[in-house]
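> What follows is a predicted structure for the sequence shown.
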Amino acid sequence: WSRAYGDTSAEEHVYSIIETADSGYVMAGSSNDGSGSDQIFILRLNVIGDSLWSVVYGGDSAEVVRSICQTDDGGFLAVGQTRALGSGDAYVVRLDSSGNVLWDLAYGDDGEQDASEIRPAQDGNFWIGGYTTTADSGEQFYLLKCGQSGDTLWSRTYGTHANERAHSIDATSDGGCIIAGTRLSYTPYVVKADVSGIVEWTFDYGSVAIRHIRQTHGGGYIFVGTQPYNEHELRAFVRKLTADGDPGLTYVSNGILDVAEFVWQNPDHTFVVVGEVGGGYNCIKLSLTLQFLWGADYPGFWLRSGAVLPDGGYVLASTSYYYGNLQARVTHTVPDTALSVPGHDRTPVQFTLSSYPNPFNPSTTISFDLPQAQHVTLTLFDLNGRQMATLADETFAAGSHAVNFDGSKLPSGIYFARLTAGDVQRTKKLLLLK
């Protein structure tokens, strides 16, 4: 199903959607009926998309919420920005499970602050990330840790006042936090902080405006954003980072996705990226090694957020035109299917073989794409041509597949993975470094 929500006489923007503990959804954004400033807009849905309640909240000043998460008692915390005190302040709104506003708080001092995302921390508290600035300096990353009642445990800033603006954060498996955004327009900036907010490493290589980051199942990271392609075009950009912040694989769209807004990893280790499209897809699926698998054009011209569901489908939040106004829209897909652009198929069109990480120690994931069902033999050889292992010897369906190779019992050196599928052979050099 796919539905538009909100007042048809107002304009609604949606920035975030999550699945709730009861398998429903809650989304957050802004609403403006044309009579004043933006107000926060939060909508609660059941599992089939029926509206349970909605909240439009705010005063004469502009308020917006960009991210929302659920609390232990079934309520919600939403973050964004308020201009109630003149300059912008980071803004937190607490709602109960029925949508009643319990309290709201503004965080900040002189200058301007904005909260981009909130994520639950491992210790039961919450991470809030965004940016802060003062009258005599540029922007810096802003990270705050708060309790369930909104009390500030501590806050920190990161950067060199070089217009660093954090757009996304994620809680990490070691109890810390990853913060990502942009400095100086198109320089990526990523900060890994420990549980106390102390910097462990930073990353600022390349030319891309980061919009979203998540930790991957393997403990590394993946971020998405936009890269200038030429004077008139933008391209969606995806990059992996290792757990230590070293650059990994990249994917750059070939014009099918202009702006990448949000990324998540599926249980099968593939990735889904959503965003804004000029003339192709607004949702793409990538393999573990960032190979393009399929693209889809879902309702709503600007997909802002999404998640994979237990049934294998996706819930997608977007802004779309409805009766002449911008409206919030939610789409629930059937399990892993795409409303594909005619003429495109998500089945791979050629045999491919890749591995990540490479070099590796002691294990790597070997991925391969099959355009048709085929009996596959995947074998490992050393530099002298001796067969060291058979990693696969069976029939696979058409599509993308991955096999893990553990080299802990082998010495350091160069190895070769050979894929044989019918009359086709592919070989990949592997470097084991211990």
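Cool, got the structure. Residues are numbered from 1 along each chain as shown.

> what's the burial count for the nearest residue to I48 once chain neighbours are set aside?
Nearest non-adjacent residue to I48, counting by CB to CB, 6 or more residues apart in numbering: W1, 7.0 Å away. Backbone N, C-alpha and C define where each C-beta goes, glycine included. Close neighbours of W1, defined as other CB atoms under 10 Å, add up to 9.

> got a list of what W1 touches?
Residues in contact with W1 (CB atoms under 8 Å, 6 or more residues apart in numbering) are I48, G49, T331, H332.

> shouldn't the second one be in contact with R329?
So that's G49. No. The criterion here is CB atoms under 8 Å, and G49 misses it with R329 at 10.5 Å.

> Now list whatever residues contact both of these two.
Joint contacts of G49 and R329 (CB under 8 Å, 6+ apart) are R3.

> who's more crowded, the two?
Each of G49 and R329 has its neighbours counted (other CB under 10 Å); R329 has more, 27 against 16.

> give me the element that one is part of.
strand 325-332 (DSSP states H and E).

> For the next helix or strand after that strand, enumerate the helices and strands it packs against.
Remark: after strand 325-332, the chain's next helix or strand is strand 352-356, criterion DSSP H and E. Here strand 352-356 touches strand 363-370, strand 413-421, strand 424-432, going by 3 or more CB pairs under 8 Å, 6 or more residues apart in numbering; DSSP states H and E.

> any idea which of the ones you listed is most buried?
strand 363-370 (a mean of 22; mean count of other CB atoms under 10 Å).

> With just CA atoms, put that one into PDB.
Provided in PDB are the C-alpha atoms of strand 363-370 (Å, rounded to 0.1, in the frame of the first residue of the first chain):
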ATOM      1  CA  SER A 363      38.400 -13.600   6.700                       C
ATOM      2  CA  THR A 364      36.800 -12.000   3.700                       C
ATOM      3  CA  THR A 365      33.500 -12.200   1.900                       C
ATOM      4  CA  ILE A 366      33.600 -13.400  -1.700                       C
ATOM      5  CA  SER A 367      30.600 -12.200  -3.600                       C
ATOM      6  CA  PHE A 368      29.400 -13.300  -7.100                       C
ATOM      7  CA  ASP A 369      26.500 -12.400  -9.400                       C
ATOM      8  CA  LEU A 370      24.800 -14.900 -11.700                       C
END
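
> now the angle from it to strand 352-356?
Angle, strand 363-370 to strand 352-356, by axes from the mean of the first three to the mean of the last three CA atoms, to 10 degrees: 160 degrees.

> average pLDDT for strand 363-370?
For strand 363-370, mean pLDDT is 82.

> what is the orientation angle of that strand with strand 413-421?
Going by the same axes, to 10 degrees, strand 363-370 makes 30 degrees with strand 413-421.

> re earlier: what about the residue nearest to I48, distance to D297?
17 Å (CB to CB, to the nearest Å).

> Give me the sheet partners of the strand holding R329 and which way each runs.
strand 2-5 (antiparallel), strand 314-322 (antiparallel) (DSSP bridges).

> Mind giving me the packing neighbours of the helix or strand encompassing S400?
Here S400, judged by DSSP H and E, is contained in strand 399-406. Counting contacts by 3+ CB pairs under 8 Å, 6+ apart, strand 399-406 packs against strand 363-370, strand 374-382, strand 387-396.

> Return the distance of that strand from the chain's centre.
23 Å (CA atoms, centre = their mean, to the nearest Å).

> who touches it?
269-270, 287-288, 291, 293, 347-348, 355, 362-370, 376, 378, 380, 389, 391-392, 417, 430.

> Tell me the buried residues in it?
Buried residues in strand 399-406, defined by neighbour count with 16 or more other CB atoms under 10 Å: G399, S400, H401, A402, V403, F405.

> List the strands paired with it, with their directions.
strand 363-370 (antiparallel).

> Next one: the residue most central in space within the chain, what pLDDT does it get?
In the chain, the centroid-proximal residue (CA atoms, centre = their mean) is V263; its distance is 2.7 Å. pLDDT for V263: 97.

> So, low pLDDT: which residues of this protein?
Along the chain, segments meeting pLDDT under 70 span 85-86, 134-137, 231-232, 255-256, 277-280, 299-301, 321-325, 336-350.

> circling back to that earlier point, for T152, which of the helices and strands packed on strand 352-356 is the nearest?
strand 363-370 (41.0 Å; CB to CB).

> and the angle for the closest one with strand 387-396?
Using the same axes, to 10 degrees: strand 363-370 against strand 387-396 is 40 degrees.

> Report the separation between the residue of the chain most remote from its centre and S16.
Here the centre of the chain is the reference, and by CA atoms, centre = their mean the most remote residue is N384, at 43.0 Å. Separation of N384 from S16 (CB to CB): 55 Å.

> for A121, same thing?
On the measure of CB to CB, A121 and S16 end up 18 Å apart.

> Which one's more surrounded, those two?
S16 (24 against 18).

> any idea which element the more buried one lies in?
strand 11-19.

> I'd like to know which elements that strand is packed against.
Against strand 11-19 (3+ CB pairs under 8 Å, 6+ apart) you get strand 25-32, strand 39-45, strand 63-70, strand 302-308, strand 314-322, strand 325-332.

> try it again with 6 Å
In terms of contacts (3 or more CB pairs under 6 Å, 6 or more residues apart in numbering; DSSP states H and E), strand 11-19 is packed against strand 25-32, strand 63-70, strand 302-308, strand 314-322, strand 325-332.

> Save the ones you listed as TSV, and put in distance to L95 too.
Listed next are the helices and strands packed on strand 11-19 as TSV, based on distance: least, CB to CB, whole Å:
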stretch	distance to L95
strand 25-32	9
strand 63-70	9
strand 302-308	18
strand 314-322	18
strand 325-332	17
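
> what's the closest of these to Y189?
Across the helices and strands packed on strand 11-19, closest to Y189 is strand 63-70 (CB to CB), at 18.6 Å.

> Beyond the closest one, next helix or strand please.
Next element after strand 63-70 (DSSP H and E): strand 76-82.

> Quick one: work out the angle between that next one and strand 63-70.
160 degrees.

> from the strands paired with strand 325-332, which stretch is densest packed?
By mean count of other CB under 10 Å, those have strand 314-322 as the most buried, with a mean of 22.

> Tell me how far that one lies from the chain's centre.
16 Å.

> which residues touch that strand?
Strand 314-322 is contacted from outside by 4, 13-14, 17, 25, 27, 298, 300, 302-309, 326-327, 329-333, using CB atoms under 6 Å, 6 or more residues apart in numbering.

> now that strand against strand 11-19, angle please.
Using the same axes, to 10 degrees: strand 314-322 against strand 11-19 is 170 degrees.
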